[in-house]
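[1] coords please:
(one chain, ligands or ions: 1)
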Amino acid sequence: MQEENMQSTVQTSNLGNYEEARKQFSWEEVERHFTWYANGKVNMAHEAIDRHVDEGRGNKTALIYSDASRRETFTFEELKLLSNRFGNVLRQHGIGKGDRVFIFMPRSPELYVALLGILKTGAIAGPLFEAFMETAVKDRLEDSGAVALITTPQLLGRVSREELPELKQIIVVGEVHSGEDLISYDDEMRSASDELEPEWLDREDGLLIHYTSGSTGKPKGVYHVQNAMIQHYYTGKMVLDLREDDIYWCTADPGWVTGTSYGIFAPWLNGVTNVVRGGRFSPQDWYSTIERENVSVWYSAPTAFRMLMGAGEQVHEQFRLDSLRHVLSVGEPLNPEVVRWGWKAYGHRIHDTWWMTETGAQLICNYPEMDIKPGSMGKPLPGIEAAIVDDHGQEVPPNHMGNLAIRTPWPSMMRTIWNNPSKYEEYFRLPGWYVSGDSAYMDEDGYFWFQGRIDDVINSSGERIGPFEVESKLIEHPAVAEAGVIGKPDSTRGEIIKAFIALREGYEATDELKEEIYRFVKEGLSAHAAPREIEFKDKLPKTRSGKIMRRVLKAWELDLPAGDLSTIED
Ligand code: PRX
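    Below is the predicted model of the structure:
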């Protein structure tokens, strides 16, 4: 394979196909695939699982779950019956349509069964990442008004039940001691019936709430509806290129949107065998998963690819990776050198895809038949109109930077921010456009190139972190008077979190204190939100109204001009 083949020119034949595909495309054609197109009765879990049983694919393997201690496979039929059982467990406890039911546990078959069971009752599922600590869990359960939670004995201690009056039921997967006012998953699953009529919903009824971060305020509950399945199904076909015999592996946890849209819905709506690997990342573990399961389509993220690249050739050369047919990435900028390396290491170009929690599914992508320009996110899908606009909503010429914006609507777009409609409105401040908060440019061939965030949101290892949430935790520490948090460029993680801290009187700026503050955030919020770097300052730059100017902190850090300082306090 020659480097020259990765040239940045576009073959017009592909562009021609692309334009043709865009012209011919209609979302309604995609909708016709679903039974509800005819009868109006929809339920995601039915479409993703039960439908395959009804159509004679019940014996096909739907899920291959493995971790260091177990490996189990489940057919579509088995998942149908198990999720029916769990749906019945929930119904027996009075849970039904529109209730918010959260899941807080590590990846396991039970997590996937629970999520499908929740959806069958018509309740709205809220998956939480297992690394969340007490404050992070409480904020999310409180804001959503969750009435039930599925968790494990190990994580139960992070659920401050006294502070969550609306949380009526806690279902525990694992050992439960009598008298604890907890529901045992195992006991109730054993006695529940495996027959269930799913709750038939309208396409605009709720599906999921995913919490994500903005630059101000607490995490936002991004609310998605059943209708999103149109785009999950379609992008699964078009972008993931899923085919009947594929073994597909998405490495994301369902606590993040990639782990639901593309770790659950897209593969199962397409009836494909889905691999889930529990436990922590290591190059050996991941490559042996591909080898053992014969993974053919693999969806992961730049930080992981950079770590795999860093592990060196001697690692991937020990494994048989020739089952791979298609490799994709999402979540952060994918460096051109990683695309080139992936081509050498795996014989496949890594296909970048761009989207957000709010968009519910992929919007700008490199799809299989397209020429890749390494470093570009690709082009808008047929059915999606993307543009670079100025702050008044006017499109800017090619190669000019501006706001990456999407013409509304599209099937999987969020329908609101839970409990916070005004936050939702902010995304649509330019009439007719959804404003992503990313800055980018489009080149003369219609490829989009990511430039950065317009706001202060941090992207570390593909995880989106709001500086406000971290700052709020930091100032709970007795030594911290003021804190400002920024993303600092990092060659592996994209960005790391750096905190600037002004200490209270009487505290000394020591390395031990840095370590203690780091642990305080890690144990209170989560490891990925804890600042890997801390710098003590006598004073932080603030506006006259008292707002910490992260822009100035960033300029200090990167040795850049600080820009307009007219609002600074002194
Ligand atoms: O800044 C963009 C970045 O991740 C943000 C969305 O984060 P989140 O909602 O957590 O969703 C991640 C998974 C869909 C975007 O606003 N981002 C996402 N994909 C890319 C990206 N940045 C550069 N290139 C991408 N392909």
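
[2] quick one, what contacts V470?
    A483, V485, I497, A499, V521, L525, A529, A530, P531 (CB atoms under 8 Å, 6 or more residues apart in numbering). All C-beta spots, glycine's among them, are computed from the backbone N, C-alpha and C.

[3] who in this structure is up against the ligand?
    Residues of the chain lying close to the ligand by CB under 6 Å from any ligand atom are 212, 257-258, 330-333, 352-357, 377, 436-438, 450, 453, 459, 464.

[4] can you give me the strands in the stretch 151-300 of the chain?
    169-172, 183-184, 206-212, 220-225, 247-250, 273-277, 297-300 (DSSP state E, counting those that start in this stretch).

[5] show me the shaky parts of the protein.
    1-16, 564-570 (pLDDT under 70).

[6] biggest helix in it, by residue count?
    As assigned by DSSP state H, the longest helix anywhere in the chain is helix 76-92.

[7] let's verify the residue sitting furthest away from the middle of the chain: helix, strand, or coil?
    When distances are taken from the C-alpha mean of the chain, G506 lies farthest, 41.9 Å away, according to CA atoms, centre = their mean. Recorded secondary structure, G506: coil (DSSP: H, G, I helix; E, B strand; the rest coil).

[8] just the one 3 residues further on next, same as before
    Going by three-state DSSP, the secondary structure assigned to A509 is coil.

[9] so it makes contact with L503?
    Yes. Assessed by CB atoms under 8 Å, A509 is found in contact with L503 at 6.2 Å.

[10] ok, back up a step: compare the strands of the stretch 151-300 of the chain and give me the one nearest F76.
    When those are ranked by proximity to F76, the top entry is strand 273-277, at 9.7 Å, counting by CB to CB.

[11] so what are the sheet partners of that closest one and their directions?
    Partner strands and pairing direction for strand 273-277 (DSSP bridges) are strand 61-66 (parallel), strand 247-250 (parallel).

[12] pick the most buried one from those strands.
    strand 247-250 (a mean of 25; mean count of other CB atoms under 10 Å).

[13] between the strands of the stretch 151-300 of the chain, which one is nearest to H46?
    Nearest of the strands of the stretch 151-300 of the chain to H46, taken as CB to CB: strand 206-212 at 12.6 Å.

[14] pull the closest one out as CSV, backbone CA atoms only.
    Provided in CSV are the C-alpha atoms of strand 206-212 (Å, rounded to 0.1, in the frame of the first residue of the first chain):
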residue,chain,number,x,y,z
GLY,A,206,-39.7,9.0,24.6
LEU,A,207,-36.8,6.6,24.2
LEU,A,208,-33.8,7.8,26.1
ILE,A,209,-32.2,10.6,28.1
HIS,A,210,-28.5,11.0,27.8
TYR,A,211,-26.8,13.5,30.1
THR,A,212,-24.1,15.5,28.5
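
[15] re the thing from before, okay, and the common contacts of A509 and L503?
    Counting by CB under 8 Å, 6+ apart, the shared contacts of A509 and L503 are F536.

[16] compare these two (neighbour count), which wins?
    Taking neighbours as other CB atoms under 10 Å, A509 and L503 compare with L503 leading, 18 against 15.

[17] so the more buried one versus E482, what's the distance?
    9 Å (CB to CB, to the nearest Å).

[18] ditto for S491
    From S491 to E482 the distance is 30 Å (CB to CB).

[19] repeat that for F74.
    51 Å.

[20] could you do G157 as well?
    Taking CB to CB, one finds G157 at 31 Å from E482.

[21] comparing these two, which residue is more hemmed in?
    Neighbour count, other CB under 10 Å: between G157 and E482, E482 has more, with 18 against 10.

[22] where does the residue in the stretch 451-570 of the chain positioned nearest to the ligand fall, secondary structure wise?
    The minimum distance from the stretch 451-570 of the chain to the ligand, using CB to the nearest ligand atom, falls at R464 (3.6 Å). Using DSSP states H and E, R464 sits within strand 463-465.

[23] and that strand, how far from the chain's centre?
    Here strand 463-465 is found 9 Å from its chain centre; the criterion is CA atoms, centre = their mean, to the nearest Å.

[24] direction included, what does it pair up with?
    Using DSSP bridges, strand 463-465 pairs in its sheet with strand 458-460 (antiparallel).

[25] starting at the chain centroid, how far to the strand it pairs with?
    Mean-position distance between strand 458-460 and its chain equals 13 Å (CA atoms, centre = their mean).

[26] returning to what we had before: among the residues of the chain next to the ligand, name the ones in strands.
    Members of the residues of the chain next to the ligand lying in strands (criterion: DSSP state E): T212, V330, D352, T353, W354, S436, G437, D438, F450, R453, N459, R464.

[27] what about the third one, how many neighbours?
    The tally of other residues near D352 (other CB under 10 Å) stands at 28.

[28] how much space separates L321 from D67?
    21 Å.

[29] whoops, I mixed them up, Y427
    Y427 is 38 Å from D67, by CB to CB.

[30] compare those two (neighbour count), which wins?
    Y427 (21 against 16).

[31] ok, the more buried one - contacts?
    Residues near Y427 by CB under 8 Å, 6+ apart: E358, Y434, V435.

[32] give me the nearest residue to Y233, chain neighbours excluded.
    Take Y233 and drop its neighbours on the chain: the residue closest to it by CB to CB, 6 or more residues apart in numbering is L269, 4.1 Å away.

[33] ok, P267 next?
    Per CB to CB, 6+ apart, closest to P267 is N274, 4.4 Å.

[34] how many residues are close by the one you found?
    Neighbour tally, N274, other CB under 10 Å: 26.

[35] and D187, how far is that from V176?
    D187 sits 8 Å away from V176, going by CB to CB.

[36] with H528 instead?
    29 Å.

[37] ok, the closest residue to K97 other than its chain neighbours - how many residues close by?
    Spatial nearest neighbour of K97, excluding adjacent residues (CB to CB, 6+ apart): G122 at 3.4 Å. Using other CB under 10 Å, G122 has 24 neighbouring residues.

[38] three-state assignment of G122?
    coil.

[39] quick check: T73 touching S66?
    No. Between T73 and S66 there is no contact under CB under 8 Å: 9.1 Å.

[40] all helices for the stretch 1-150 of the chain, in order.
    For the stretch 1-150 of the chain, the helices defined by DSSP state H, counting those that start in this stretch cover 12-24, 27-31, 36-39, 44-45, 51-54, 76-92, 109-120, 134-144.
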